[in-house]
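Asks: Have a look at this prediction, sequence included:
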Protein chains: 2
Amino acid sequence: MPETYRAEIRQLDLFADMEDSNFETLMRGTYVQTFPPRIDLITEGDPSDFLHIVLSGSVDLFACWNGRETSMATVRPVSTFILAATIREAPNLMSARTLEKSRIALLPSEDVRAVFDTDGAFARAIVRELAQCYRTVVKNTKDLKLRTSLERLANYLIRHSARAASSEFELNMEKRRLAAFLGMTPENLSRAFKGLEPYGVKVSGSNISISDPDDLARFAKPDLLIDDYST
Amino acid sequence: MPETYRAEIRQLDLFADMEDSNFETLMRGTYVQTFPPRIDLITEGDPSDFLHIVLSGSVDLFACWNGRETSMATVRPVSTFILAATIREAPNLMSARTLEKSRIALLPSEDVRAVFDTDGAFARAIVRELAQCYRTVVKNTKDLKLRTSLERLANYLIRHSARAASSEFELNMEKRRLAAFLGMTPENLSRAFKGLEPYGVKVSGSNISISDPDDLARFAKPDLLIDDYST
DNA sequence: GATTTCGATTGATATTTGTCAAGCACCTGT
DNA sequence: ACAGGTGCTTGACAAATATCAATCGAAATC
């Protein structure tokens, strides 16, 4: 079914309001590919040849320097990545690899830029998307600079508990990646989980349960301007 | 001379390509005000009523949580801030205060959004601006997560030495703010300067001189994908 | 079913960073 | 010149975090 993904992409905020003909132009050069787990899709520093859209599976955005590596974000369906690099015709700042088997749509960056130059609705949608991304990174920076690793973990757990709408949930990534995402070592994450036990956090493998959410929240002090990813 | 600022603003990338009539619409509600040093312009969490443009002076963007405070960025002429919040009609994530006597233009956010909805050229300019901002924050996050405070300071000095095109230059902000910007305490910054002495960094008040830039660079390992603010 | 592999954990230790308190240096206004 | 304020620096100490090595345990492989 080579056409099924079109509707999927068309429904994305980014593409929903644009001209039909421009959407067709974009889709003409687009191809969809399924990648196995742990495949490198992009290496930081490479030119941004394609705008990527995750249709299924998940992708890790990470960055390296001087032999160190850190995880910057996880991209889940259905959303795009390296939009900013595509627009600015600049090298990618982050690398990307699949976490699991994933279907990815690839839109030639040239086409994206060309349509962007003529389709105002598309430009406006990109603005909204980029503004969202920007605000997410700013929140992340505040999290990193204003909180200790224990506080970051506590707030991470609260956010995910809220998203799961349950005081019990599964971590959706390896602990080593969670550690990198939160800006600490895996060893430190282990100890941080221990450190949250007094606040009612129980860990068993990737299963987390929070026995007293209010108690945990009193410690974590979640803040809309850091932890609310919806605005 | 109440009209001089118009030309200044019109020349900004953000406003250069838009329709004359739309620019007029924006300017109609715009006013320019001069603020003394250390005046709070915006408090995080407040609605984003105005897009701000720094015409002269400089503005500190900072953020607080749980009694802690950190500096996120310095805005210098001529550029805008809180563009993302304005577009998304969302609360500001950062607070802003003048560092010195500053002239600031204030554009009602409603007008900005209205023009944005009809003027494709304006929307495209906003995209480029936001993509730039986004990439800057991503670089910042990499700096924070991948480097120690000593490495961050070393790379900061190299960037500013390059900008000044000289191995001797003046810090353009208080050391306490530099410390907050680099994600450390003022005490730690003092020690970090000491720690860079073996690499030829000499500090005298706000005057910095780097006696052996290559030696410092060998330690700092500057990286285009973190330290190059032009792409 | 045994083996291997790899991530997670733990303990011991080192490094980095922050905190507190005191002193210093420089500016400013009187 | 002086006093007061403010930011910077320093030292002693404490807390946070990283590193290294060893072990554990569950899942994958043979």
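Replies: Nice, I can see it.
Asks: quick one, what contacts the spatially closest residue to A:Ser58 that is not a sequence neighbour?
Replies: Spatial nearest neighbour of A:Ser58, chain neighbours left out: A:Leu99 (4.6 Å); criterion: Cβ to Cβ, 6 or more residues apart in numbering or on different chains. Every C-beta, even on glycine, is put in place using the N, C-alpha and C of the backbone. By Cβ atoms under 8 Å, 6 or more residues apart in numbering or on different chains, the contact set of A:Leu99 is A:Pro37, A:Arg38, A:Gly57, A:Ser58, A:Val59, A:Asp60, A:Thr74, A:Met173, A:Arg177.
Asks: quick one, phi psi at the fifth one?
Replies: If I follow you right, that is A:Val59. A:Val59 adopts backbone torsions of phi -130, psi 140, taken as degrees, to the nearest 10.
Asks: Beta-bridge partners for it, please?
Replies: Legend: beta-bridge partners of A:Val59 under DSSP bridges are A:Val75, A:Thr98.
Asks: Quick check: it touching A:Ala96?
Replies: Yes - if you go by Cβ atoms under 8 Å, A:Val59 and A:Ala96 touch, sitting 5.3 Å apart.
Asks: What parts of chain A come near DNA strand D?
Replies: Contacts of chain A with DNA strand D, taken as Cβ under 7 Å from any atom of the strand, map to A:Thr148, A:Ser149, A:Leu150, A:Gly183, A:Met184, A:Thr185, A:Glu187, A:Asn188, A:Arg191, A:Gly205.
Asks: at 6 Å what do you get?
Replies: Counting by Cβ under 6 Å from any atom of the strand, chain A comes close to DNA strand D at A:Thr148, A:Ser149, A:Leu150, A:Met184, A:Thr185, A:Glu187, A:Asn188.
Asks: can you count the residues close to the closest residue in space to A:Asp117 that isn't next to it in sequence?
Replies: Excluding its sequence neighbours, the residue lying closest to A:Asp117 (Cβ to Cβ, 6+ apart) is B:Arg124, at 7.0 Å. Neighbour count for B:Arg124, taken as other Cβ atoms under 10 Å in any protein chain shown: 23.
Asks: Confirm for me that A:Thr141 is in contact with B:Ser71.
Replies: No - if you go by Cβ under 8 Å, A:Thr141 and B:Ser71 don't touch, sitting 11.0 Å apart.
Asks: Low-confidence stretches in chain A?
Replies: A:1-3 (pLDDT under 70).
Asks: Tell me the backbone dihedrals of the residue of it most remote from its centre, please.
Replies: Distance from the centre of chain A peaks at A:Pro198, with 30.5 Å (Cα atoms, centre = their mean). When read as degrees, to the nearest 10, the backbone of A:Pro198 gives phi -60, psi -20.
Asks: who's in contact with it?
Replies: Residues near A:Pro198 by Cβ under 8 Å, 6+ apart: none.
Asks: for the helix or strand harbouring A:Ile158, which positions count as buried?
Replies: Here A:Ile158 sits within helix A:149-164, counting by DSSP states H and E. Within helix A:149-164, the residues that count as buried by 16 or more other Cβ atoms under 10 Å in any protein chain shown are A:149-161.
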